[in-house]
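Asks: can you look at this prediction? I've put the sequence above it.
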Amino acid sequence: MLEPQTFYLPVRVITGIGCSDCLSEEVAKLNARKVLLVTDKGVREAGLTEEIEADLKKCCGELSVYDDVPPEPTVRDADKLGDAAREMKPDAIVGVGGGSVLDMAKGAGVLANNPGSIKDYFGTGLVKNPSVPTILLPTTAGTGSEVTPNAIFLDEEEKLKVGVVSPYNFARVAIVDAKLTLSAPPRLTAATGVDAFTHAVESYTSVRASIHSDLFAAESIRRIARSLRTVVANPGDLEARYDMALGSVYGGIALSMAGTGAVHALAYPLGGTYRIPHGVSNALLLPYVMEFNYLANLEKFCNVARLMGEPIEGLSLREGAWRAVEAIKALVEDVGIPTSLRDVGIDPSAAPELADAASQVTRLLANNPRRICRDEIQAIYERAM
Ligand SMILES: [Fe+2]
C-alpha cells in the first residue's frame, strides 16, 4: 500500500431514472453542430432512440444516424464506421446501446481523427490524436464501457477479441439512465449483468487493485448481488434496474483502475472463435475461474462473500472465501446462464486450442490474483465443458 497508486476518473457521469432527457443540453455544452449518432437496429426498433433523435435534430445543425452496429463488431465493422465518421467530420459522437455500440462509437471517435485501420491502435496508448468527443448512453447494465478507456473488437484473422486502450477513449459524458435498460430481455439482462459483476470481482481481486478501485468494486458487487436476480425475474423493476445501472458503472470504473483477469482472458477466445457473446462467455467461465483463484486471496474472497450477503460469521477465512465461490455459482445458475461450454456448442476437443489462444492474452492474465500457466488454463476449460 506504500506504492504509488493511480486514481483515474475523468468521465463526467450523470445517473438517474429518466436522465437521458439532458442529452441535448450536453450536446449544446460541447458546441456540437454536427452529430453522429451510433446505435444498432435492435435498440432503434425498440424505440430507445426515438426521443433522442428528435431532441438531437432540434439542437444540432446536422444529425447522421448509423444503426448498422452488429453484435460483437469486427475490425471491418469498426473501419466501415470510421470511414463514415471521416466523411462526416462530426463535432460529437453519441452512442446509444450495449457495449458493442459504445465501443464502436469510441472507435469512430478515434478513426475520425487518426489515419489507418482500428487494428493499428490495438494495444495500450497507441492512439496519437485526441478523439472526437463522445457522449455514451448504455442500454444494458452492462459492460461499463461508458466509463472505461477500452474499445474491444473482434480480429477475424487472429480469431481474438482485441482492445484499443487509450485515455482518448474516455467519454466526455456518460449518461446512465436506468429507463434505457428496461426493455432488455431477461437473457441479455442476465448475461450483461454477470459481465458487470465479473468486472467488479476481477477488479476487486486483481493484483493491481488499490484502495481506490476497491471502493467501486465492492459497491458494485454489493448492488449487483442484491439486484441481478430481481431484474431477471422482474424486468420492469425500475429500482433494481437502477441498482444494476450503478453496479455496472462502478464495475467499469473499478476495471479502468485495476483491470480484469483470467475470466476475461479465457472468455476472449470464445468470442473470437465461436462468436459467443461477451457476457455469456464471461458468465460461463466465472465460477470455474473463481474456483481456481480463491486460494490466492482468501481475505478478499471472504469479503466478496460478505458483500454478496452470505452469512460468514464463525467460518474460517478459507471457508468464508469458498462461500464466495459457491455464492457466485448460485447467482449464475439462478439467472439461467448456461453452465457448460457444451451447452453453447463447444466440443471438449477444443480445449487445447482455446488454451493456446487464451495464454496469449497476457495483458489480462497479468492482473489475475493467482499465477496461471497454459496447462492450468486448459484444465479450467476442460472443467467448464
Ligand atoms: Fe467484460
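Replies: Structure received. Everything numeric in this text was worked out from a predicted model, so none of it was measured.
Asks: CA atoms for contacts and neighbours, from now on please.
Replies: Fine.
Asks: gap between the two ends of stretch 174-187?
Replies: 25 Å (CA to CA, to the nearest Å).
Asks: list the buried residues of that stretch.
Replies: Under the neighbour-count criterion of 16 or more other CA atoms under 10 Å, stretch 174-187 has 174-184, 186 buried.
Asks: and if you look at stretch 159-173?
Replies: In stretch 159-173, counting by 16+ other CA under 10 Å, buried: 159-173.
Asks: next: stretch 60-75.
Replies: Neighbour-count burial for stretch 60-75 flags 60, 62-64, 66-67, 69, 72-75 (criterion: 16+ other CA under 10 Å).
Asks: pLDDT on that stretch, on average?
Replies: When pLDDT is averaged along stretch 60-75, the result is 94.
Asks: among the buried residues of stretch 159-173, which lie within helices?
Replies: Per DSSP state H, helices hold no members of the buried residues of stretch 159-173.
Asks: neighbours around residue 315, how many?
Replies: When neighbours are counted by other CA atoms under 10 Å, residue 315 registers 12.
Asks: put the alpha carbons of the longest helix anywhere in the chain into PDB.
Replies: Counting residues, the longest helix found in the chain (DSSP H) is helix 211-233. Presented in PDB, the C-alpha positions along helix 211-233 are these (Å, rounded to 0.1, in the frame of the first residue of the first chain):
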ATOM      1  CA  ILE A 211      -7.900   1.300  -2.100                       C
ATOM      2  CA  HIS A 212      -9.500   3.400  -4.800                       C
ATOM      3  CA  SER A 213     -10.600   0.600  -7.100                       C
ATOM      4  CA  ASP A 214     -11.800  -1.400  -4.100                       C
ATOM      5  CA  LEU A 215     -14.300   1.300  -3.200                       C
ATOM      6  CA  PHE A 216     -16.000   1.000  -6.500                       C
ATOM      7  CA  ALA A 217     -15.600  -2.800  -7.000                       C
ATOM      8  CA  ALA A 218     -17.000  -3.500  -3.500                       C
ATOM      9  CA  GLU A 219     -20.100  -1.300  -4.100                       C
ATOM     10  CA  SER A 220     -20.600  -2.900  -7.500                       C
ATOM     11  CA  ILE A 221     -20.500  -6.400  -6.100                       C
ATOM     12  CA  ARG A 222     -23.000  -5.400  -3.300                       C
ATOM     13  CA  ARG A 223     -25.500  -3.800  -5.700                       C
ATOM     14  CA  ILE A 224     -25.400  -6.500  -8.400                       C
ATOM     15  CA  ALA A 225     -25.600  -9.400  -6.000                       C
ATOM     16  CA  ARG A 226     -28.700  -7.900  -4.400                       C
ATOM     17  CA  SER A 227     -30.500  -6.900  -7.700                       C
ATOM     18  CA  LEU A 228     -29.500  -9.100 -10.600                       C
ATOM     19  CA  ARG A 229     -31.900 -11.900  -9.700                       C
ATOM     20  CA  THR A 230     -34.700  -9.300  -9.400                       C
ATOM     21  CA  VAL A 231     -34.200  -7.700 -12.800                       C
ATOM     22  CA  VAL A 232     -34.100 -11.100 -14.500                       C
ATOM     23  CA  ALA A 233     -37.300 -12.200 -12.800                       C
END
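Asks: chain center to that helix: distance?
Replies: 14 Å (CA atoms, centre = their mean, to the nearest Å).
Asks: what ranges does the stretch 1-150 of the chain have for its helices?
Replies: Ranges of helices within the stretch 1-150 of the chain are 23-29, 41-45, 50-59, 75-88, 99-113, based on DSSP state H, counting those that start in this stretch.
Asks: packing partners of the lowest-mean-pLDDT helix or strand in the chain?
Replies: For the chain, using mean pLDDT, DSSP states H and E, the weakest element among its helices and strands is strand 160-165, scoring a mean of 89. Packed against strand 160-165 by the contact rule (3 or more CA pairs under 8 Å, 6 or more residues apart in numbering; DSSP states H and E) you find strand 123-124, strand 150-155, helix 262-274.
Asks: let's have those in JSON lines, adding mean neighbour count, mean pLDDT and distance to residue 207.
Replies: Formatted as JSON lines, these follow (neighbours: other CA atoms under 10 Å; pLDDT from 0 to 100; distance: least, CA to CA, whole Å):
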{"stretch": "strand 123-124", "mean neighbour count": "14", "mean pLDDT": "93", "distance to residue 207": "19"}
{"stretch": "strand 150-155", "mean neighbour count": "24", "mean pLDDT": "93", "distance to residue 207": "19"}
{"stretch": "helix 262-274", "mean neighbour count": "25", "mean pLDDT": "91", "distance to residue 207": "12"}
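Asks: many thanks, have a good one.
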